[in-house]
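Student: Any chance you can model this:
(one chain, ligands or ions: 1)
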Amino acid sequence: MRIGDRVQISPQALQVKAIFPDRPGDDVVEEILEFIRAGNPPHEWRGHTHTKPPQGAPIMYIGGFDLDRDRAAPCPCCSSGTAKYFKGGKIAYFPDEHVVRMIGPDCFATLNPEGHEEAMEKYLAEKQRKREIDYILANICIAPELERVLEETLPLAEAVDTVRNTVSDGRLDEILGVELLPHMGAGVLSVTTERQETYVDSYGETGTRTAQHKEEYARIAGPVMVRKNASRFVNQLKHVLEAVRKIPAPDPNRIRESIEAMDETSRTQVARLLGNSVGTSRSIWKGLDDARGFFSPGNIATINGWGRHPDSPVQIEIRREGRDVTISRPGYNGRLIRLPEAFDKVLDELPKMETKP
Ligand SMILES: [Zn+2]
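Tutor: Have a look, this model is predicted:
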């Protein structure tokens, strides 16, 4: 059945079924959706009334569905016997007539534009409310776990901040005789090679000149370690902690009821707090791991290879024994940095979260 095809409407469908004095509940909507999912034409559902609604009738949208292109359905508002829509079908309740009709997406707008507008707004708001409630229900239980994990990560964040302060406080730049930030801050190590180039000048004369070429040598982990002004990990963590602590603990015996009882503003805020907290925590975790990677054996080897390279702009050598790190010009004494014990602590896993509303 494609749009425009003739559809045989059964006498059952044409009968007016004023069997819904009250707005049908979720059970009825679920029954309809199940009926449609099973491959049946929407207008043949047992409670559908296939007559044209009165001009200006009040309407409530209580559900929606999509059909496949070749299952297009007829709409009682505009096309009794012709397939008219397949996407965005609506389950519409007509409180004055006590009937339910499956109709096309915007069909009722022609019969009652304002009523349609208003019903659409309410319908979307209800959908959003349901989504938020489901989302909060699925995730609110992780808040205490998230709070614990964040608290336990504070010493590690503090350790990484301390080390970064030491690496980026400028004394190292003095020892090395060069500022590290412009050469390492973006995580890309470069070497500058010189090449003889021939060129032709404006008089047509040929000459040679020396040209400098900057080439990428390697990429490193933890460039944030040389960025003096990067935001402190401890502050980032505390910020998320503050947000997590704002998430109310629902009564464990009636979680759904307490979430449903929230007003829209606080419900939306809780959903946002949950989503943002986990999202931000993930990026802090990544940041911490990357920062610590600066002192991993592989990263140190990369930096040392670059630091010895004749075309490197920075002569640097890092030696690490256990938690003692020395940074110097190759073969010289340098600055000793002792990594705090918490620096190498294993990062706790963040609680898993259901998808966003
Ligand atoms: Zn229609």
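Student: What is the burial count for P105?
Tutor: 17 (other CB atoms under 10 Å). The C-beta positions use only the backbone N, C-alpha and C, and glycine is treated the same way.
Student: Repeat that for F86.
Tutor: For F86, using other CB under 10 Å, the count is 20.
Student: cool, D27 as well?
Tutor: 8.
Student: where's it, which helix or strand?
Tutor: helix 26-37 (DSSP states H and E).
Student: what bits of the protein have low per-residue confidence?
Tutor: For the chain, the stretches with pLDDT under 70 are 355-357.
Student: one step back: output the contacting helices and strands for the helix holding D27.
Tutor: strand 60-65, strand 99-103 (3 or more CB pairs under 8 Å, 6 or more residues apart in numbering; DSSP states H and E).
Student: CA atoms only: put it into PDB for me.
Tutor: The C-alpha trace of helix 26-37 is given here as PDB (Å, rounded to 0.1, in the frame of the first residue of the first chain):
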ATOM      1  CA  ASP A  26      -0.300   4.000  28.400                       C
ATOM      2  CA  ASP A  27      -1.600   0.500  28.300                       C
ATOM      3  CA  VAL A  28      -3.900   1.400  25.300                       C
ATOM      4  CA  VAL A  29      -1.200   3.300  23.500                       C
ATOM      5  CA  GLU A  30       1.100   0.300  24.000                       C
ATOM      6  CA  GLU A  31      -1.600  -2.000  22.600                       C
ATOM      7  CA  ILE A  32      -1.900   0.100  19.500                       C
ATOM      8  CA  LEU A  33       1.800   0.300  18.900                       C
ATOM      9  CA  GLU A  34       2.100  -3.500  19.400                       C
ATOM     10  CA  PHE A  35      -0.800  -4.000  16.900                       C
ATOM     11  CA  ILE A  36       1.000  -1.800  14.400                       C
ATOM     12  CA  ARG A  37       4.400  -3.400  15.000                       C
END
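Student: Could you list the residues in contact with that helix?
Tutor: Helix 26-37 has contacts (CB atoms under 8 Å, 6 or more residues apart in numbering) with F20, P42, W45, G47, I62, G63, F65, L67, I91, V100, M102.
Student: hmm, which two among the residues you listed are most spread apart?
Tutor: With CB to CB as the measure, no two of these lie farther apart than F20 and L67, at 22.9 Å.
Student: and of the helices and strands packed on helix 26-37, who's closest to E197?
Tutor: Closest among these, using CB to CB: strand 60-65, at 67.3 Å.
Student: Tell me which residues are up against that closest one.
Tutor: With CB under 8 Å, 6+ apart, strand 60-65 has contacts from 23-24, 29, 32-33, 36, 42, 88-95, 100, 119-120, 122-123.
Student: that older thread, got a markdown table for the helices and strands packed on helix 26-37, with distance to the ion and mean neighbour count too?
Tutor: Putting the helices and strands packed on helix 26-37 into a markdown table (distance: least, CB to the ion, whole Å; neighbours: other CB atoms under 10 Å) gives the following:
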| stretch | distance to the ion | mean neighbour count |
| --- | --- | --- |
| strand 60-65 | 14 | 20 |
| strand 99-103 | 5 | 26 |
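Student: closest one to S202 among those?
Tutor: strand 60-65 (71.8 Å).
Student: partners of the closest one, with directions?
Tutor: strand 89-94 (antiparallel) (DSSP bridges).
Student: and the partner strand, which residues are buried?
Tutor: G89, K90, I91, A92, Y93, F94 (16 or more other CB atoms under 10 Å).
Student: hmm, who's touching it?
Tutor: 20, 23-24, 29, 32, 42, 53, 57-67, 73, 99-105, 108, 119.
Student: what's the answer for stretch 316-336, then?
Tutor: By CB under 8 Å, 6+ apart, stretch 316-336 touches 166-167, 171-172, 175-177, 180, 295, 297, 300, 303-304, 306-308, 315, 337-341, 343-344.
Student: What is the end-to-end distance of it?
Tutor: 14 Å (CA to CA, to the nearest Å).
Student: buried stuff in it?
Tutor: In stretch 316-336, counting by 16+ other CB under 10 Å, buried: I316, E317, I318, V325, I327, S328, R329, G334, R335.
Student: What does K84 show for phi and psi?
Tutor: For K84, the backbone dihedrals (degrees, to the nearest 10) come out as phi -130, psi -30.
Student: Count the residues that sit near it.
Tutor: Neighbours of K84 (other CB under 10 Å): 23.
Student: List the contacts of it.
Tutor: I3, A72, A73, P74, C75, C78, G104, C107.
Student: Give me the buried entries from those.
Tutor: For the contacts of K84, buried by 16+ other CB under 10 Å: A72, A73, P74, C75, C78, G104, C107.
Student: returning to what we had before: can you pick out the most distant pair from the buried residues of stretch 316-336?
Tutor: Longest span within the buried residues of stretch 316-336, CB to CB: V325 and R329, 15.1 Å.
Student: Against the ion, how distant is the closest residue to L111 other than its chain neighbours?
Tutor: Of all residues not flanking L111 in the chain, Q55 sits nearest, at 5.6 Å (CB to CB, 6 or more residues apart in numbering). Per CB to the ion, to the nearest Å, Q55 is found 14 Å from the ion.
Student: Please apply the same query to G222.
Tutor: Counting by CB to the ion, the gap from G222 to the ion is 61 Å.
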